[in-house]
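Visitor: Just the structure for this:
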Amino acid sequence: DWMRWLFRLPLVALAVLGFLTAAVVSSEPRVGPSPDPNPMDSVHAHQLASDLLDALQDPSRNHAVTVTQVQLDALERLVNHGVGTIRPRFEIGKNGAVADITIDLGQKGYLNLSAHVRESRNGFPPLALRIGSVRVPSKVTRWLLNRSVTALDLPPTPEARLDRFITRFVVSRPGQAVVNIQPDPELFEGLKAMAPHFSTSVDPALVRFYYNSLLDRDLRSGVGAKSFATFVNTTFRIVVQRSERRDPAAETRAALVALSMITLGPDAKNLARMVAPFDAPCVPEPSLFTLAGRTDLPKHFSLSAALSILFADRFSRAAGEWKELSDSAASGGTGFSFVDLMADRAGLRLGMAANGDLSLLREVQYGLAYVGDERLLPVAALRRLREGLSYKAFEEQYVSINDERYRQMIAQIDEELDRIPLYKATPKPDIG
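Guide: Now for the predicted structure:
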C-alpha cells in the first residue's frame with residue numbers, strides 16, 4: 001500500500017499545485033494600462049511621498065497625513081509608466097479604501113491582488129486581501145501581519161506594535177482620507193536588519209568604504225566647486241585595483257552608489273536609508289561638483305546610476321522623465337530639459353553595466369578610471385539640446401513622453417552617447 005501512495009504522491013502534489021495556480025493566476029488583468037503621466041502627476045506624487053517621508057522620519061509625535069484621490073491617481077500613472085509589469089489602481093470610498101494591483105506574469109498570465117482597508121478610529125485598520133480568486137479575511141490578514149512582526153523579535157506584543165504604528169484611518173471627505181502615523185524606530189530597525197536577506201544588489205559595507213574614501217577626499221580638497229570627473233576617475237582607480245582580487249560588479253555598484261551619496265548630500269542619505277541597512281556619515285557642508293560647467297548634471301548622472309543599480313533600469317529612466325515633467329509644471333521649476341535627460345541616460349547606462357555582462361564591466365571600470373568631462377558627456381552636443389520648456393511648450397512640440405517625436409529625441413541623445421568610447425561597452429536602455 002505504501003508503495004502505491006509513494007507513486008501517487010507526485011500526482012497529488014501536481015494536482016494541488018494546479019489548483020492553486022488556477023485559483024491565483026488569471027488570464028485577464030483586473031487593472032488595465034493607465035494613460036501616460038502628465039506633468040502635474042509628478043507634482044502630486046512628490047507631495048504625497050514628501051508628506052509620508054517627513055512623517056516616518058520624525059518619531060517624536062503622531063502625524064496626520066492627508067491622502068487625496070488626485071494623488072493616488074497620479075501615483076497609478078507613474079507606477080504604470082515606471083514599472084510596466086505592475087499596474088495599480090487606488091480608490092478612496094465612503095468607508096475606506098481599495099487597492100487593486102495586477103502583475104503581468106507574461107504568457108497571458110496575470111496575478112490580481114486586492115486590498116480593502118476599512119476605517120478605524122482607534123488602531124490599525126481592518127485589512128482584507130484577495131489573491132486571484134482566493135479571499136483572505138481581515139482577521140486572517142491581521143494574524144499574518146502579527147506573525148510577521150513577531151519574527152522581528154521586538155517587544156511588546158505585535159498587536160500593540162501595529163496599533164501603535166497606525167493609530168487612525170478615516171475618510172474625511174469624498175476623495176480624501178487621513179491616516180495617523182506614529183513612527184516606530186525599533187520596527188524600522190528590525191526591517192532594515194532583515195534587508196540583507198532579501199537584497200544582494202549592493203554591499204552596505206562596500207558602499208560605506210567608498211563613501212568614506214570620497215568624503216575624506218572631499219574634505220581634504222577644500223571648499224569651492226570641484227570637478228565631478230576627477231572624483232569619478234580617482235574613485236575608479238581604486239575600483240580597478242580592488243577588482244583584481246574581489247568581485248568587480250560588487251565594487252562597481254558600491255562605488256557608483258557612494259558617488260551618488262557624496263554628490264547629492266542629505267537627499268541621497270534618505271535614499272540610502274530606505275534601500276540599505278546602514279547610515280552614511282553626514283557631509284558637513286555639501287560640496288558643489290561640476291560637469292560640463294554645470295552643477296546640476298553630476299546629480300542627474302549619479303542618481304540615475306544609483307537608481308538603476310538599486311531598482312530596475314526602467315524605473316530609473318522613468319524617474320528622470322518624471323523629474324523633468326515636474327520641472328515643466330511646478331511653480332519655480334526649471335522647465336523640461338533634454339540636457340538633464342542626457343545626463344540621466346548616461347548614468348543609467350553605467351548603472352546597467354554594473355548589473356550586466358562582467359566581460360564588459362572591466363572596460364567600463366578602466367574607462368571611468370581615466371575619464372574627463374568630454375568622456376562622461378558629449379559637451380558640444382549638450383549645448384544643442386533644448387531645456388527650460390514649459391509644460392505647454394513641451395506638449396505643443398512633443399505631445400507626451402510616449403509620442404514618436406519625443407522618442408526620436410531620446411534616440412538622438414543615445415546616438416550622441418554612443419560616440420563616446422565609454423558607452424560602447426554599456427547596455428542601451430529602452431526608449432519609452
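
Visitor: any idea how far stretch 206-223 is from the chain center?
Guide: 25 Å (CA atoms, centre = their mean, to the nearest Å).

Visitor: Could you look up the next helix or strand downstream of the helix-or-strand element of the chain with minimal mean pLDDT?
Guide: Ranking every helix and strand in the chain by mean pLDDT, DSSP states H and E puts helix 2-24 at the bottom, with a mean of 56. Next along the chain after helix 2-24, taking DSSP states H and E as the criterion, comes strand 25-26.

Visitor: Parallel or antiparallel, list what pairs with that following strand.
Guide: Its sheet considered, strand 25-26 pairs with strand 109-118 (antiparallel) by DSSP bridges.

Visitor: quick one: buried residues of the strand it pairs with?
Guide: 110-117 (16 or more other CB atoms under 10 Å). The C-beta positions use only the backbone N, C-alpha and C, and glycine is treated the same way.

Visitor: which outside residues touch that strand?
Guide: For strand 109-118, contacts defined as CB atoms under 8 Å, 6 or more residues apart in numbering pick out 24-31, 95-105, 125-132, 138, 169.

Visitor: With stretch 46-61 instead?
Guide: Contact with stretch 46-61 is made by 63, 65-67, 71-72, 74-75, 181-185, 188, 270, 326, as judged by CB under 8 Å, 6+ apart.

Visitor: same thing but 6 Å
Guide: The contact list for stretch 46-61, computed with CB atoms under 6 Å, 6 or more residues apart in numbering, reads 63, 65, 71, 181, 183, 185.

Visitor: re earlier: may I see the PyMOL selection of the buried members of the contacts of strand 109-118?
Guide: Restricted to buried positions by 16+ other CB under 10 Å, the PyMOL selection for the contacts of strand 109-118 reads:
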select buried, resi 25+26+29+30+31+96+97+99+100+101+102+103+125+126+127+128+129+132+169
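
Visitor: Looking at the contacts of strand 109-118, which are in helices?
Guide: Taking DSSP state H as the definition of helices, the contacts of strand 109-118 contribute 24, 138.

Visitor: Which of the contacts of strand 109-118 fall within strands?
Guide: Among these, the ones falling in strands (DSSP state E) are 25-26, 96-105, 127-131, 169.

Visitor: show me where the stretch 301-432 of the chain has strands.
Guide: Counting by DSSP state E, counting those that start in this stretch, the stretch 301-432 of the chain forms no strands at all.

Visitor: residue ranges with poor pLDDT in it?
Guide: 312-333, 431-432 (pLDDT under 70).

Visitor: let's see 80
Guide: 310-334, 355-359, 391, 400-402, 425, 427-432 (pLDDT under 80).

Visitor: any idea how far the spatially most central residue of the chain is from residue 84?
Guide: For the chain, residue 311 is the residue whose C-alpha lies nearest the centre (CA atoms, centre = their mean; 5.3 Å). Applying CB to CB, to the nearest Å, the value for residue 311 to residue 84 is 13 Å.

Visitor: Low-confidence regions, the stretch 101-250 of the chain specifically.
Guide: For the stretch 101-250 of the chain, the ranges with pLDDT under 80 are 107, 148-161, 185-202, 218-225.

Visitor: Can you name the residues that contact the residue nearest to residue 259 when sequence neighbours are not counted?
Guide: Spatially, and ignoring its direct neighbours in sequence, residue 259 is nearest to residue 302 (5.0 Å; CB to CB, 6 or more residues apart in numbering). Residues in contact with residue 302 (CB under 6 Å, 6+ apart) are 259-260, 263.

Visitor: Let's see that with 8 Å instead.
Guide: 228, 256, 259-260, 263-264, 347.

Visitor: Among those, which one has the most neighbours?
Guide: Within the contacts of residue 302, neighbour counts (other CB atoms under 10 Å) peak at residue 256, which reaches 31 neighbours.

Visitor: In this structure that one contacts residue 353, no?
Guide: No: using CB atoms under 8 Å, residue 256 is not in contact with residue 353, being 9.5 Å away.

Visitor: so can I have a markdown table of the contacts of residue 302 showing distance to residue 38?
Guide: Shown next, in a markdown table, are the contacts of residue 302 (distance: CB to CB, whole Å):
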| residue | distance to residue 38 |
| --- | --- |
| 228 | 32 |
| 256 | 31 |
| 259 | 32 |
| 260 | 28 |
| 263 | 29 |
| 264 | 26 |
| 347 | 25 |
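
Visitor: nearest to residue 218, of these?
Guide: residue 263 (9.9 Å; CB to CB).

Visitor: Find the nearest non-adjacent residue to that closest one, please.
Guide: Once flanking residues are discounted, residue 263 sits nearest to residue 302: 4.5 Å by CB to CB, 6+ apart.

Visitor: With residue 243 as the reference, measure out to the one you found.
Guide: Taken as CB to CB, the span from residue 302 to residue 243 is 20 Å.

Visitor: Residue 250 is in contact with residue 358, correct?
Guide: No: the criterion here is CB under 8 Å, and residue 358 misses it with residue 250 at 10.9 Å.

Visitor: Give the buried residues for stretch 203-210.
Guide: Result for stretch 203-210 [16+ other CB under 10 Å]: buried residues 203-204, 206-210.

Visitor: nope, stretch 359-379 is what I was after
Guide: Quick answer for stretch 359-379 (16+ other CB under 10 Å): 361, 363-369, 371, 373, 375-378.

Visitor: So which residues make contact with that stretch?
Guide: 227-229, 232-233, 235-237, 239-240, 243, 248-249, 252, 291-292, 297, 301, 342-343, 346, 350, 353-354, 416-417, 419-422, 425-426.

Visitor: how many other residues sit next to residue 257?
Guide: Neighbours of residue 257 using other CB under 10 Å come to 31.

Visitor: is it true that it touches residue 203?
Guide: No: in this structure, residue 257 is not within contact of residue 203 by CB under 8 Å, at 9.7 Å.

Visitor: quick one, phi psi at residue 247?
Guide: phi -70, psi 110 (degrees, to the nearest 10).

Visitor: And it, how close does it get to residue 143?
Guide: Counting by CB to CB, the gap from residue 247 to residue 143 is 41 Å.

Visitor: ok, now residue 29?
Guide: 29 Å.
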